[in-house]
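Enquirer: here are the coordinates; sequence isn't available:
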C-alpha cells in the first residue's frame, strides 16, 4: 500500500507537569521555570538547526501547585498521577476488514493513536539532541476549533477574517486573542482566551528551546509563545519550525516580543488559520449534545479545542490535517487526536485536563479517542480507540464511521466492529465524505 507513514501525535499530560527524559518513541512534557522574561528574539539565519547542550530543570506542578520531584515520582509509581503521551506506534494497529487494502504489520497508519503511561521520573537532564527542521510544502493544517454554541443544528464557528493577513509586530499581546484574523477564544481555560502560553524568554530561530514555563492562568506575556484555536476544519498556522523543545516538547502559536507585540512565527504563512483536507464530520443523533476535544498541538497538547455536535441531528466538521502541510515533530508527520466525551457534558468539563464534575470520565479521562489525518499519498485514515490506559470510563452511546469508507469501523454496545478489542481503523476514499455517527 502506498503512503504508509510514521506519525507523531499530540501528547497529553495528566495531573500537571511530570516529565520524562526523551527516549525512543516517547514524547513528554518538560516544564521549566525560567526567571528571565521579555528578552528580544535574537536574529539568526533559520536554515540551520543548532542545539546547545544546556541543563534542563524539571518542575512538577499539579493544579497550579508545585510538587517536589520525590512526591511526583511516588505519585506516578502509585498510579495517583500519570503522564500520557502519544507516540509513534511500533506495534500492529487494529486492521481494517478483509475488504480493504492489506496493511503491513510494521507500518504506522496516519490516524492511529496510542498513549503510554510513564512509571519513572527525572529531575534534570542535559539536552544533546538536535531539533529537526520541518519542511512543509504549503500551509499548516492540523485541526480546528469550534466556539461553544447552543444552536439546534451545529456548533460550527465560522470565524472572522480567515483570509486576512496578520500584521506581524503591530498588535499588542495584551489585546487578547486576535479574533479579527480567524482565531477563536477559549474562555474557560483561564488564559485570556488563549489555548496555551509557553514562556521561553528570547529564542533564536534554528536553536532548540530548553527552558519552557507553561502558566496555568494569565494572558500572553512578553517572551512567550501564545497558541490559539481556529474554526472547524482549520487549525493555527503558527509555530517556530526550527526552534522546538530541546527534549521533544512541541511549541506553537504567535510570539509575544520584548516590546509586547505579537509576531508571526512562520513569516511565510500570513493567515493565522489554514484549512485541512476536509471530508470528515460528526453527526449526533442523540438527545443531548456531544463535545469532542482536540489536542492543542503544537502547544501544551491539552485536549482543549472543542468540536460541539448539538442534540437531535447536530453536525460539525472535524479538521482533517494534511500530513505534508502540518506540524512535523522530530521528523514525523502529525495528525489530529480527539477526546470523545459522554453525551451531555458541557465544554467547560469536556475540554480541560480534569473536570471537577466528571473527574474520571471527561477531559483527559474521556472514554474514547478519535483519530483523523490524511497521509502523504492523499488517503484519509479514521480511527476509534480506547483512551487507554488513562481511562476506564465507558462511553454511554455508540459510534460508527459511515460514508465513503473502505471498511467497517464502529463502537457498539461497548465493543468494536471491524478491528480489535481496543480499536478500529478505516480509510476514506479520495474525494469522499465520512461521518462519525453518534447514536
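Expert: Ah, there it is. Note that the coordinates shown come from a computational prediction; the quantities given were computed from them, not determined experimentally.
Enquirer: please make it C-alpha for all contacts and neighbour counts, starting now.
Expert: OK.
Enquirer: in its sheet, what does the helix or strand that contains residue 385 sit against?
Expert: Using DSSP states H and E, residue 385 sits in strand 380-386. Paired neighbours of strand 380-386 in the sheet (DSSP bridges): strand 368-374 (antiparallel), strand 423-428 (antiparallel).
Enquirer: contacting residues around it?
Expert: Applying C-alpha atoms under 8 Å, 6 or more residues apart in numbering, the external contacts of strand 380-386 come out as 109-113, 320, 367-375, 409-411, 422-430.
Enquirer: just the helices in the protein please.
Expert: 69-77, 347-350 (DSSP state H).
Enquirer: hang on, the earlier thing: out of the strands paired with strand 380-386, the one nearest residue 199 is which?
Expert: For the strands paired with strand 380-386, the distance to residue 199 is smallest for strand 368-374, at 29.3 Å, taking C-alpha to C-alpha.
Enquirer: ok, and what's touching the closest one?
Expert: Residues contacting strand 368-374 (C-alpha under 8 Å, 6+ apart): 110-113, 277, 319-323, 334-341, 380-387, 395.
Enquirer: how much space separates residue 320 from residue 346?
Expert: With distances taken as C-alpha to C-alpha, to the nearest Å, residue 320 is found 24 Å from residue 346.
Enquirer: between these two, tell me which one has more neighbours.
Expert: Counted by other C-alpha atoms under 10 Å, residue 320 and residue 346 do not tie: residue 320 has more neighbours, with 31 against 16.
Enquirer: residues in contact with the more buried one?
Expert: 141-143, 233, 276-280, 335-336, 372-374, 380.
Enquirer: which one of those is nearest residue 188?
Expert: Once C-alpha to C-alpha is applied, the member of the contacts of residue 320 that ends up nearest residue 188 is residue 143, at 19.4 Å.
Enquirer: which residues of the stretch 151-300 of the chain score low on pLDDT?
Expert: For the stretch 151-300 of the chain, the stretches with pLDDT under 70 are 151-159.
Enquirer: so how many other residues sit close to the nearest residue to residue 294 once chain neighbours are set aside?
Expert: Nearest-residue entry for residue 294: residue 338, 4.3 Å, with adjacent residues in sequence omitted and distances by C-alpha to C-alpha, 6 or more residues apart in numbering. By other C-alpha under 10 Å, the residues close to residue 338 number 26.
Enquirer: surely residue 338 and residue 291 touch.
Expert: No: assessed by C-alpha atoms under 8 Å, residue 338 is found out of contact with residue 291, at 9.9 Å.
Enquirer: what's the overlap in contacts for those two?
Expert: Counting by C-alpha under 8 Å, 6+ apart, nothing touches both residue 338 and residue 291.
Enquirer: one step back: so who does the residue nearest to residue 294 touch?
Expert: 292, 293, 294, 295, 303, 369, 370, 371.
Enquirer: what about it, distance to residue 364?
Expert: 10 Å.
Enquirer: name the residues contacting each of these two.
Expert: By C-alpha under 8 Å, 6+ apart, the residues touching both residue 338 and residue 364 are residue 303.
Enquirer: distance check, residue 388 against residue 423.
Expert: Counting by C-alpha to C-alpha, the gap from residue 388 to residue 423 is 10 Å.
Enquirer: between those two, which is the more surrounded one?
Expert: Higher neighbour count among residue 388 and residue 423: residue 423, with 26 against 19, using other C-alpha under 10 Å.
Enquirer: show me what the more buried one bridges to in the sheet.
Expert: residue 385.
Enquirer: and it, how far from residue 395?
Expert: 13 Å.
Enquirer: ok, now residue 195?
Expert: Distance of residue 195 to residue 395, given as C-alpha to C-alpha: 26 Å.
Enquirer: those two: who's more crowded?
Expert: residue 195 (30 against 20).
Enquirer: for that one, which residues are in contact?
Expert: By C-alpha under 8 Å, 6+ apart, residue 195 lies in contact with 185, 186, 189, 226, 227, 228, 229, 296, 304, 305.
Enquirer: if you rank those residues by neighbours, which is first?
Expert: Highest count within the contacts of residue 195 by other C-alpha under 10 Å belongs to residue 305, 35 neighbours.
Enquirer: which of the helices of the chain has the lowest average pLDDT?
Expert: Here these differ in mean pLDDT, and the lowest is helix 69-77 at a mean of 54.
Enquirer: residue 232 and residue 315 touch, don't they?
Expert: No: look at residue 232 against residue 315 with C-alpha under 8 Å: they stay out of range, at 11.1 Å.
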